[in-house]
Structures are given as C-alpha cells and as structure tokens.
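J.: Fold the following and give me the result.
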Amino acid sequence: MALPSYMSRREGRYYLQVRLARPLAALIGVPLYRASLRTCDYRQARLRLAECLAWIYRMNDSVDYPDLIEKNVAQLRIYLSDAVPFSEERLLARRHYEELLKNLTRRVEAQGWDIDMLNPDYRPLFKRFVWENTEVEAWHKRAEGVRQYERGRADMQMALAFGAVPQHVSTVPAHPRELRNRSTYPAEPFSISAHDTSTVEPHGFGAGHLARPEERDQPTDLSQPSPTPRRVASVVAPQPLTDLEADEVERRDEGAVGIEHRPEPQKAPLRFSEALAAYEEADIRNKGNADARSIVKLIVQFIIDKLGDPLLADFDKEAAARLDAMLPDIPDRKNIPREHTVSLAARYDYAQEHGWTKLKRLTEARLRNGYHNALSRFFDWLIGQKLYLLDKPEFSRTSDENLVSIERDAFSTDEVRKIFSLPLFTGCESAKRMWVKGDCLVQNHLYWGYVMSFLTGVRPGELGQIELDDIEAVDGIYYLQLRGFDPKKGRVARKDVKRFKTQASHRTIPLHPLILDLGLLDRIEDLRSIGCPVLFPEWQPYPKPNGEMRWGQPLTKSFQYLKEKVGIDRFDVSLYSSRHWFADLIDNSDIKDATRRRLMGHSGKADVASRYGRKRRLTNRDLGELTMITSSVIDEMARLLLNAKERADAGELTVLKPWLTQANWSPYYKTKFGRK
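T.: Model prediction:
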C-alpha cells in the first residue's frame with residue numbers, strides 16, 4: 001500500500017515527515033520536521049496525520065517571527081475552541097504542536113525577540129493550551145483504565161456463566177461493607193483438576209466435545225462432584241472483616257480506577273452569589289492572583305445581575321448560550337455617565353436603553369482573555385469542588401463590532417523632546433503649579449518617575465515602593481535593587497514585603513549616569529537626614545477594593561494630563577511606552593539577550609543557558625554597554641534636564657524640596673511611619 005504524502009514508515013511505526021519552506025526552516029532552525037504518529041495501524045496513522053497537517057500548513061508560509069507568532073496565536077485560539085474532551089488523534093496533534101511551540105519560543109527569545117511585545121496574548125493562550133492537553137491526557141488514561149476494568153468484569157461474568165470459575169467465587173460480595181454481617185462461608189473446599197490445568201471447560205463437556213442440544217437446555221449443577229478422579233487442594237474459608245479492616249479496604253478501593261462508588265450525599269443547592277463568595281474565600285486562602293480574582297468577580301456578578309442570581313443547577317446549556325450572546329454587547333466606560341459604570345450590568349443596560357451612539361464595545365482581547373478565561377476558571381473550580389454537575393459551559397462568542405487591540409509603541413524622538421521640555425523639567429511656577437512655566441525647580445516624585453521610567457525601564461508600579469537602601473554602590477557603579485525586602489537586614493513580616501508583577505521583576509538595574517548627574521544621590525542624602533527610609537514619601541498608592549495597593553496610579557494619572565499638554569494624539573502610546581523606548585535603546589546596543597531580559601524583568605526560564613551564572617550582576621561588557629549607552633534623543637534629554645539643573649545650581653532657579661516636610665508626605669506613608 002502506497003504511503004500518502006508527508007508519511008513515512010520505519011520499523012513498523014508511522015511518522016509525520018514534512019520538508020519546511022525555506023523561510024520557515026530558517027526561523028525554526030530545521031529544514032525537515034519529523035514526528036512519530038505513535039501507531040502501527042495505517043488507518044489510525046492517516047487520521048493523526050490529517051490532524052497535524054492543519055498547523056503545519058498554517059505556519060509554512062511565515063516570513064518572519066512577528067508573522068509566525070501571529071499565526072500561532074490564531075492556531076492556539078482554534079485549538080482552545082475544541083470541545084473537551086477531544087479525540088486521541090486530536091490530542092496527539094496538540095501534543096506535537098505543544099512541543100514545537102516550546103522549542104520555537106526558546107529560539108525566538110534567543111534571537112533577541114520579546115514574545116510579549118510581539119503578541120501579549122501568546123503566553124496566556126499557550127499556558128491554557130498546555131493545561132487542556134494535560135487534563136485531557138489524564139482523562140484518556142482514566143477512560144482506558146475504566147475500559148480495561150469493564151472488559152475484565154465482562155470476561156469474569158462470561159467465565160461464571162460457562163462454569164469456568166468455581167461456584168463459590170460468584171457468591172462473594174462485591175463490596176467489603178457486605179462482609180461485615182456475613183458469618184458463614186462455604187465449608188467445603190473447592191477442587192482443582194490435576195489432569196488438565198491448561199484449559200478450563202464447562203462442567204459436563206470433554207475436550208473437543210460440543211454439548212448436544214438437549215444438554216444445552218439442562219441446568220448445570222456445579223455442586224455435583226466430577227466423575228473424573230481429581231487431586232484436591234484445600235482452601236481455608238475467609239473470615240469476616242472487622243469494621244476497621246473494611247474501612248481500610250474501602251478507602252483503598254475508592255482510589256482505584258473503575259470502581260463504582262456510593263453516591264455522595266446531596267449538597268444544598270447553591271446560587272451564583274454563594275458560589276462566588278466561596279470561590280473568593282478559597283482563592284484568597286490559596287494565595288491566588290488578586291487581579292485575576294477581580295475579573296472573575298466582575299463577570300460572575302454580571303451573571304448574578306442579569307440572570308437573577310440563578311441556582312448553579314439551573315445554569316444549563318441554554319442559559320450559557322444566552323450569557324455568551326450578551327457578553328459582546330458590553331460597552332467600555334468611555335462616554336457613559338459615572339452612575340452607570342458601577343458594574344458591567346449597568347453599562348450593558350445603559351447601552352441597551354440609549355443605543356450605541358458615542359459608545360464602543362470592548363476589545364476582542366478583553367473579551368477572550370479577560371471574561372471568557374475568567375468564566376472558564378470559575379467553572380473549572382466549581383466542577384473541581386463538585387458544585388456544578390453539568391458539562392462545563394463554553395464561552396467564545398465575539399462580535400464584528402468588538403474593537404481590535406492596539407499594541408503599544410515606543411515614544412518617538414519628537415515626543416520625548418516635547419515631554420522633557422515641559423515646565424516640570426525645565427522650570428515651573430511652584431510646587432503645586434508644576435505644569436506652568438516659572439523660576440522654580442521641583443524635582444518631585446513625578447519628575448523622577450518620568451526620568452527613571454525612560455532611563456531604567458522600570459514599571460510605574462515599581463517606582464513608588466523604592467527605598468533608600470535599594471540604591472547601592474558596588475565597585476563605583478550605582479544600582480537600583482528591585483526586591484521584596486533587603487535580605488541583609490534579616491526577615492520581615494509578610495505584610496511588609498513589596499509586591500511586584502512577577503518573580504522575574506525582582507532584578508538589579510545599573511543607573512544611567514544622567515540620573516546621578518541630575519542629583520538623585522542628593523535627594524537620598526536629604527531624606528536620610530530627616531529619617532525617611534523611602535525614596536518618594538510623597539507618592540500615594542491607590543487602594544484596590546481587595547485592600548492591595550496599586551502603586552502606579554500617581555504617574556499614570558499625571559500622564560493623561562501630560563499627553564494633552566504636549567499634544568500626543570497617538571492611540572498606541574501610553575506611559576508604558578517609556579518602557580518600550582528603553583527596550584529599544586537596549587536593542588540598538590550589543591547587550592546580550594539574557595541581560596536584556598534581566599533588565600526588563602522578563603522571565604528567562606525557557607532559556608536554559610541564561611539560568612547559569614550570576615543573576616544579580618551584569619558582565620563587565622554588558623555593564624559598560626549599558627552605562628555608556630547613548631543616542632541623539634538621550635543627548636537631547638540631557639541638554640534640557642542638565643540645563644535646568646545647572647541654572648538651579650547657579651541660583652537662577654529656586655530649588656524647592658516640599659517632600660522634606662512631613663506634612664507633604666502622602667497619607668499612606670504618614671500612616672505607615674506613624675507621622676502626623
């Protein structure tokens with residue numbers, strides 16, 4: 001039989017074998033993709049081949065990494081729309097695809113690309129994809145165990161029917177609980193034939209002898225002794241189990257696959273509001289992510305508000321479809337009166353009542369990665385807790401009216417020049433009127449927030465928590481240590497540990513010389529003199545409803561004003577663009593990719609090579625590259641900022657330091673340090 005294209009056979013097993021297009025081969029690093037179909041059956045191999053070819057065809061016309069990642073995001077969305085559980089053929093294709101993506105991710109990052117910048121949806125989708133593969137693989141293993149168990153049970157029942165098993169075996173109770181009340185067992189030992197142990201036949205038929213029709217209708221009495229002389233082996237009758245022994249056997253049996261369990265006691269019916277409260281309590285107890293939990297609460301509250309807080313048992317496929325159709329019609333907050341933005345349901349009702357004039361729908365990414373994924377997590381938890389006994393509902397609908405996502409871009413040279421030409425950086429009227437031109441220099445937390453965002457790439461939420469001791473000098477180089485606490489000072493209480501976005505956010509960043517030239521060390525010395533341990537005591541975080549602090553609020557809020565002030569009207573620019581601008585500076589240098597990840601606070605777990613060597617210190621070559629990094633726009637920044645600093649040192653500008661007065665500290669730091 002001729003093999004179809006893309007299939008090969010070796011040592012009885014079939015393989016997928018595809019020669020990749022040259023551009024894709026250069027991106028992946030291999031000209032030929034080959035993977036085992038894990039079967040010797042030709043028909044099954046063809047089915048598995050067809051499943052794998054879908055993503056190979058999709059990838060094969062890619063020309064660069066951005067194009068390749070975009071195609072793989074689309075393929076991941078296709079796979080994540082599969083109904084669970086899917087077939088073994090589909091699972092094999094997904095597992096091969098998973099391995100290919102793991103290798104591709106390592107290669108893309110080794111080439112200096114940041115996948116999160118190429119497409120922020122890639123990692124969350126891939127993580128969910130791997131989780132689904134793992135769960136379905138476990139389901140298939142369990143299903144195979146059940147099938148094997150049922151085959152064995154069916155064979156035993158047939159053997160009993162044919163009389164191939166001694167009679168008393170069929171009378172032994174199936175469950176150890178029933179042995180407790182049993183006080184008698186067959187007193188007579190059963191016998192085993194010594195003449196023919198290779199074949200066990202129904203009583204009354206010899207080897208090769210078929211029963212006559214009249215014999216087939218006669219009942220067989222297995223209790224009658226066989227006329228054939230036999231050698232007898234005695235078997236001691238089992239004794240009744242004690243309660244303790246029966247409990248132990250029952251616990252052991254309940255862990256076995258295929259054993260039928262007693263039905264659990266019926267639990268009281270729960271409504272969505274009660275289930276949400278239980279989910280929140282469990283997630284907090286398990287130290288779950290607060291932001292992810294808040295999205296779950298937001299979308300489940302929408303169910304409660306719009307569907308009347310239904311019982312979990314009443315949320316069937318029809319109710320899930322109705323909810324799925326409603327989600328794409330939730331508008332974003334813009335142009336909705338404040339009193340109608342208190343919940344998703346209020347926004348939804350406002351759009352239904354007043355129409356969509358001046359209103360816009362949510363982005364597709366927010367719908368899929370936010371609300372759909374949050375509902376999936378919530379129902380997974382319900383099913384795991386056996387609170388929801390129906391099939392897991394699927395949510396996937398979007399509308400052509402949903403907005404597309406916009407990737408952030410770095411600031412342009414002209415935009416950077418406009419930002420640092422503002423009075424805050426060149427001379428303002430007073431500490432409170434920092435955006436009005438004047439004869440004062442106020443290097444407050446916003447001043448340093450923008451400077452350090454551009455020259456260190458720190459996130460806005462990382463700035464407000466910096467302590468004075470986080471600025472350290474080693475061998476004449478000053479570093480910013482972003483860490484939960486200073487280990488040199490010993491252990492601290494959990495409530496005092498600083499929280500960052502990810503574990504990789506804990507990092508060491510060399511300070512650019514321009515930061516030091518602008519007087520950051522003078523600020524540190526002044527604050528030490530009054531006993532203040534933090535770098536920006538005037539920084540006020542925003543408390544979230546769950547009690548956690550959002551630290552980036554002062555800077556992000558000021559950027560909305562700054563953006564209008566300088567006339568930046570691009571939708572793909574935000575405060576976070578300063579971080580992209582810093583990453584672009586690194587990309588234009590000879591700094592290694594592993595160093596780039598450390599500086600940006602990105603994880604390098606997928607890159608084995610980058611996990612070796614010292615994690616906190618940079619190599620001398622990379623350190624020299626970073627501290628001497630320059631560009632025409634940095635030169636322009638330095639000209640504007642240092643000119644104002646030199647004028648202040650010469651007495652032309654009045655230097656104001658309101659943060660040295662405790663009355664000007666933020667309420668958060670006043671409370672934390674016990675100052676009034």
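
J.: okay, and for the stretch 101-250 of the chain, where does confidence drop off?
T.: 165-250 (pLDDT under 70).

J.: Let's see that with 50 instead.
T.: Along the stretch 101-250 of the chain, segments meeting pLDDT under 50 span 170-242, 244-246, 248-250.

J.: Pull the distance from the longest helix along the chain to the chain's centre.
T.: Using DSSP state H to define each element, the chain has its longest helix at helix 122-162. Distance of helix 122-162 from its chain centroid, counting by Cα atoms, centre = their mean, to the nearest Å, is 26 Å.

J.: same deal with stretch 273-290?
T.: For stretch 273-290, the distance to the chain centre is 17 Å (Cα atoms, centre = their mean).

J.: Touching that stretch from outside, list them.
T.: Outside stretch 273-290, the residues that touch it by Cβ atoms under 8 Å, 6 or more residues apart in numbering are 270, 293, 296-297, 300-301, 304, 309, 312, 378, 381-382, 385, 387, 544, 546, 548. C-beta coordinates here come from the backbone N, C-alpha and C atoms, glycine included.

J.: Please identify the buried residues of the helix or strand hosting Lys297?
T.: Secondary structure assigned from DSSP states H and E places Lys297 in helix 290-307. For helix 290-307, the neighbour count (16 or more other Cβ atoms under 10 Å) marks Arg293, Ile295, Val296, Lys297, Ile299, Val300, Gln301, Phe302, Ile303, Ile304, Lys306, Leu307 as buried.

J.: Next, count neighbours for Glu538.
T.: Number of residues near Glu538 (other Cβ atoms under 10 Å) recorded here: 18.

J.: Do I have it right that it meets Ala663?
T.: No. With contact defined as Cβ atoms under 8 Å, Glu538 does not reach Ala663; the gap is 10.6 Å.

J.: Which residue ranges of the stretch 501-650 of the chain form helices?
T.: Ranges of helices within the stretch 501-650 of the chain are 513-517, 520-529, 553-566, 577-587, 593-600, 620-627, 632-649, based on DSSP state H, counting those that start in this stretch.

J.: quick check, distance from the last one to the centre of its chain.
T.: Averaging C-alpha positions (Cα atoms, centre = their mean) puts helix 632-649 43 Å from its chain's average.

J.: Point out the other helices and strands that that helix packs with.
T.: helix 413-419, helix 423-426, strand 440-442, helix 513-517 (3 or more Cβ pairs under 8 Å, 6 or more residues apart in numbering; DSSP states H and E).

J.: The helix or strand following it - which strands sit beside it in the sheet, and in what orientation?
T.: As assigned by DSSP H and E, the chain's next helix or strand after helix 632-649 is strand 654-656. If you go by DSSP bridges, strand 654-656 pairs up with strand 440-442 (parallel).

J.: For the partner strand, report the contacting residues that lie outside it.
T.: Strand 440-442 is touched from outside by 424, 427-431, 434, 644-645, 647-648, 653-656, 658, with contacts defined as Cβ under 8 Å, 6+ apart.

J.: what do you get if the cut-off is 7 Å, keeping everything else the same?
T.: Gly427, Cys428, Glu429, Ser430, Ala431, Met434, Ala644, Ala648, Leu653, Thr654, Val655, Leu656 (Cβ atoms under 7 Å, 6 or more residues apart in numbering).

J.: Make CSV out of these and add neighbour count and pLDDT.
T.: Formatted as CSV, the contacts of strand 440-442 follow (neighbours: other Cβ atoms under 10 Å; pLDDT from 0 to 100):
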residue, neighbour count, pLDDT
Gly427, 20, 94
Cys428, 25, 94
Glu429, 15, 93
Ser430, 14, 92
Ala431, 15, 90
Met434, 20, 91
Ala644, 21, 93
Ala648, 19, 93
Leu653, 20, 94
Thr654, 13, 94
Val655, 14, 94
Leu656, 17, 94
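
J.: Dihedrals phi and psi, Glu467?
T.: The phi and psi values for Glu467, taken as degrees, to the nearest 10, are phi -100, psi 160.

J.: Ser62 against Leu68, yeah?
T.: Yes. With contacts counted by Cβ atoms under 7 Å, Ser62 reaches Leu68, the gap being 4.0 Å.

J.: Mind listing the shared neighbours of these two?
T.: Common contact partners of Ser62 and Leu68 (Cβ under 7 Å, 6+ apart): Leu27.

J.: Show me what the longest helix of the chain packs onto, helices and strands only.
T.: Applying 3 or more Cβ pairs under 7 Å, 6 or more residues apart in numbering; DSSP states H and E, one finds that helix 122-162 makes contact with helix 65-80, helix 88-110, helix 115-118.

J.: closest to Lys141 among the contacts of strand 440-442?
T.: Met434 (64.1 Å; Cβ to Cβ).

J.: wait, what's in contact with that closest one?
T.: By Cβ under 7 Å, 6+ apart, the contact list for Met434 reads Pro423, Leu424, Cys428, Val442.

J.: gap between the last one and Ala345?
T.: It stands for Val442. Separation of Val442 from Ala345 (Cβ to Cβ, to the nearest Å): 44 Å.

J.: Could you do the second one as well?
T.: From Leu424 over to Ala345 the distance is 41 Å, taken as Cβ to Cβ.

J.: Check Leu367 too.
T.: Distance from Leu367 to Ala345, by Cβ to Cβ: 16 Å.

J.: Report the residue spans of the stretch 251-400 of the chain with pLDDT below the cut-off.
T.: Counting by pLDDT under 50, the ranges of the stretch 251-400 of the chain that qualify are 251-266.

J.: Break down it into its helices, ranges please.
T.: Under DSSP H, counting those that start in this stretch, the stretch 251-400 of the chain gives helices at 272-285, 290-307, 317-326, 344-354, 364-365, 373-384.

J.: Pipe those helices into a markdown table and attach distance to Asp517 per row.
T.: A markdown table is the format used below for those (distance: least, Cβ to Cβ, whole Å):
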| stretch | distance to Asp517 |
| --- | --- |
| helix 272-285 | 46 |
| helix 290-307 | 37 |
| helix 317-326 | 57 |
| helix 344-354 | 49 |
| helix 364-365 | 41 |
| helix 373-384 | 46 |
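
J.: looking at the ones you listed, which is closest to Leu514?
T.: Leu514 lies closest, by Cβ to Cβ, to one member of these: helix 290-307, at 33.7 Å.

J.: Could you check the angle the closest one makes with helix 317-326?
T.: Calculated by axes from the mean of the first three to the mean of the last three Cα atoms, to 10 degrees, helix 290-307 forms an angle of 110 degrees with helix 317-326.
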